[in-house]
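Chemist: Return atomic coordinates for the entry below.
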Amino acid sequence: YYAEGPPTDPAMDITRLLRPDPKLDREFAALQQVTKETGLPFRLAETNSCYGGGKAGVSDTYASALWGADYMFRIAQAGGIGVNFHGGGSGWYTPIAGARAKGFGVRPLYYGMRFFREAALANGSASELLETNLSTAPDGLRVYAVQHSDGRVTLTALNLSLDHPIDLAHDHKFDGKPLLRLAAPNASAKNGETLGSAPIGANGEWHATAREAASPSLPLPPATAAVIG
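Modeler: Numbering: from 1, shown residues only. So this is what the prediction gives:
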């Protein structure tokens, strides 16, 4: 599955990437039917933002981090057990770019993958998605709740809108819990991404330098995401 393509089409842009894709819903429905009939789980074995190696100005931007994080939650929500992002070398959509001779570095999509790990797979523990209920659903808002094997619950919220902030009022049981943000200068940024106010090093090392304490209201600026818990 590729969210967009071909890369030569001007319509394949960041705005389109972050919008819901009806094709993906149909794909999931078909896969869920196969799982129901066979008892076999499914995995997305080849996938990314735009086929043909990706699209410059889309696949190599911070928007791909937001798209990737939300996409992985949607795969899990549909019953998928894993995902393989296509990449390698210096392709526009590869999460890790470079060569052995010159060294490697992380692209924005890698930030989305690491964010998902912090939100859904913290400490490598088994986890289960919980049902979430929203009294209102502003355009671009995605909310996911995960319960971990130790009983801890994390709440993840993504604002995929490019132009309007969202203020999310959540259950008071999250008050005071650690809050980790995924952010960048803007959705089209190709660098300057941070997770917990810290960048991810070229060797994959990362340590958050800022974890807020959640209040009853979670402000989400445009094109940002946060996990509480």
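
Chemist: Any idea what Gly103 is bridged to?
Modeler: According to DSSP bridges, the partner residues bridging Gly103 are Ala99.

Chemist: Distance check, it against Leu182.
Modeler: Counting by Cβ to Cβ, to the nearest Å, the separation of Gly103 from Leu182 is 25 Å. To be clear about C-beta, it is placed using only N, CA and C from the backbone, and glycine gets the same treatment.

Chemist: Same drill for the two, tell me which one is more crowded.
Modeler: Comparing Gly103 with Leu182 by other Cβ atoms under 10 Å, the one with more neighbours is Leu182, at 26 against 10.

Chemist: Report the beta-bridge partner residues of the more buried one.
Modeler: Counting by DSSP bridges, Leu182 is bridged to Leu195, Ala225.

Chemist: how close does it get to Leu160?
Modeler: 12 Å.

Chemist: the helices in this protein, which residues?
Modeler: Counting by DSSP state H, one finds helices in the chain at the ranges 14-17, 22-38, 63-77, 108-120.

Chemist: The third one to helix 22-38, inter-axis angle?
Modeler: Using axes from the mean of the first three to the mean of the last three Cα atoms, to 10 degrees, the interaxial angle of helix 63-77 with respect to helix 22-38 works out to 30 degrees.

Chemist: List the neighbouring strands of the worst-scoring helix or strand of the chain on mean pLDDT plus their orientation.
Modeler: In the chain, no helix or strand scores lower on mean pLDDT, DSSP states H and E than strand 212-213, which sits at a mean of 88. Partner strands and pairing direction for strand 212-213 (DSSP bridges) are strand 178-183 (antiparallel).

Chemist: Send me the partner strand as CSV with only the CA atoms.
Modeler: Extracted in CSV, the C-alpha atoms of strand 178-183 (Å, rounded to 0.1, in the frame of the first residue of the first chain):
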residue,chain,number,x,y,z
PRO,A,178,4.1,12.8,31.7
LEU,A,179,3.5,14.3,28.3
LEU,A,180,5.8,13.8,25.3
ARG,A,181,5.4,15.9,22.2
LEU,A,182,6.4,15.3,18.5
ALA,A,183,7.0,18.6,16.7
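
Chemist: Now do the same for it: mean pLDDT, whole number.
Modeler: Mean pLDDT, strand 178-183: 95.

Chemist: So what's the gap between it and the chain middle?
Modeler: 13 Å (Cα atoms, centre = their mean, to the nearest Å).

Chemist: Stretch 131-146 now?
Modeler: 15 Å.

Chemist: First-to-last residue distance for it?
Modeler: 9 Å (Cα to Cα, to the nearest Å).

Chemist: Buried residues, that stretch. List them.
Modeler: For stretch 131-146, a neighbour-count test (16 or more other Cβ atoms under 10 Å) marks 140-146 as buried.
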